[in-house]
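Participant: Below: sequence and its predicted model.
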Amino acid sequence: MTAQNLKKINQPIASEIAKLFELDEQGQVLLSAEMTPAEFIRVLIENEDYPDVVRFIAYALPKREATWWACLCARSCLSEHGKATDQKAIELAEAWVYKPTPEHCQPNYQAAEATAFKTPAGWAAMAAFWSGDNISPVKGNVVPPSADLPAKAVSGAVMLAAVQEGPEKIKERYQRFIQQGIDIAGGGDGRKI
């Protein structure tokens, strides 16, 4: 992995991205001032600091790509007998990714709420909702979301998805999801991982 293959990450210095969220203690130790995002991701993976890798990628990616990543991870948790609320939440979040308009953004809140905010799908929907321009439930009242909310929701979706199949699968799922995130950061769609 080289810096040039993470073309969706616009910040050339990892420490600038890491300022946007709180790294775990290990991540703080591993980060050096001039590291590129690719170098930092590589070091975090080598040290199996998967939660920091997830947060770092979620904050580094543009909102749309990050939300797509959350959708992919959440979709991996669906079974054929899964909850309809989760399926709906993912479908609405994906609709926003395909066409990021207010009309596709707003319904994501209700979809996330229907999941009781307890599933990866619900957090993927929240990432889409918080990526919009207005989080006010009152018509005509505009309340812009905080810039960090989409990345927080994406991190939550990916981390929840990683633990869905029990402790024996956590490492394997984190590794797969991180590779998807890296593929998306490189301009791919994350589906081939």
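Facilitator: Right, received. Where do you want to start?
Participant: for the helix or strand bottoming out on mean pLDDT in the chain, packing partners?
Facilitator: Scoring the helices and strands of the chain by mean pLDDT, DSSP states H and E places helix 102-105 at the bottom, with a mean of 94. Under the contact criterion of 3 or more Cβ pairs under 8 Å, 6 or more residues apart in numbering; DSSP states H and E, helix 102-105 touches helix 84-98, helix 120-130. C-beta: built from backbone N, CA, C; applies to glycine.
Participant: how does it look with 7 Å?
Facilitator: helix 84-98 (3 or more Cβ pairs under 7 Å, 6 or more residues apart in numbering; DSSP states H and E).
Participant: Return the list of helices and strands in contact with the helix it packs on.
Facilitator: Against helix 84-98 (3+ Cβ pairs under 7 Å, 6+ apart) you get helix 63-75, helix 102-105, helix 107-114, helix 120-130.
Participant: Would you format those helices as TSV with mean neighbour count and distance to Leu149 included?
Facilitator: Listed next are the helices and strands packed on helix 84-98 as TSV, based on neighbours: other Cβ atoms under 10 Å; distance: least, Cβ to Cβ, whole Å:
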stretch	mean neighbour count	distance to Leu149
helix 63-75	26	10
helix 102-105	15	13
helix 107-114	20	12
helix 120-130	31	4
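Participant: got the CA positions of stretch 32-52 in PDB?
Facilitator: Only the C-alpha atoms of stretch 32-52 are listed here, as PDB (Å, rounded to 0.1, in the frame of the first residue of the first chain):
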ATOM      1  CA  SER A  32       4.700  10.000  14.000                       C
ATOM      2  CA  ALA A  33       4.500  13.600  12.800                       C
ATOM      3  CA  GLU A  34       5.200  13.100   9.100                       C
ATOM      4  CA  MET A  35       3.600   9.700   8.400                       C
ATOM      5  CA  THR A  36       1.300   9.500   5.400                       C
ATOM      6  CA  PRO A  37      -2.100   8.000   5.800                       C
ATOM      7  CA  ALA A  38      -1.000   4.800   4.100                       C
ATOM      8  CA  GLU A  39       2.000   4.500   6.400                       C
ATOM      9  CA  PHE A  40      -0.100   5.000   9.500                       C
ATOM     10  CA  ILE A  41      -2.800   2.500   8.300                       C
ATOM     11  CA  ARG A  42       0.000  -0.100   7.600                       C
ATOM     12  CA  VAL A  43       1.500   0.400  11.100                       C
ATOM     13  CA  LEU A  44      -1.800   0.200  12.800                       C
ATOM     14  CA  ILE A  45      -2.700  -3.000  10.900                       C
ATOM     15  CA  GLU A  46       0.700  -4.500  11.700                       C
ATOM     16  CA  ASN A  47       0.000  -3.800  15.400                       C
ATOM     17  CA  GLU A  48      -3.500  -5.200  15.200                       C
ATOM     18  CA  ASP A  49      -5.000  -1.900  16.400                       C
ATOM     19  CA  TYR A  50      -8.100  -2.400  14.300                       C
ATOM     20  CA  PRO A  51     -10.400   0.000  16.100                       C
ATOM     21  CA  ASP A  52      -8.000   2.900  15.400                       C
END
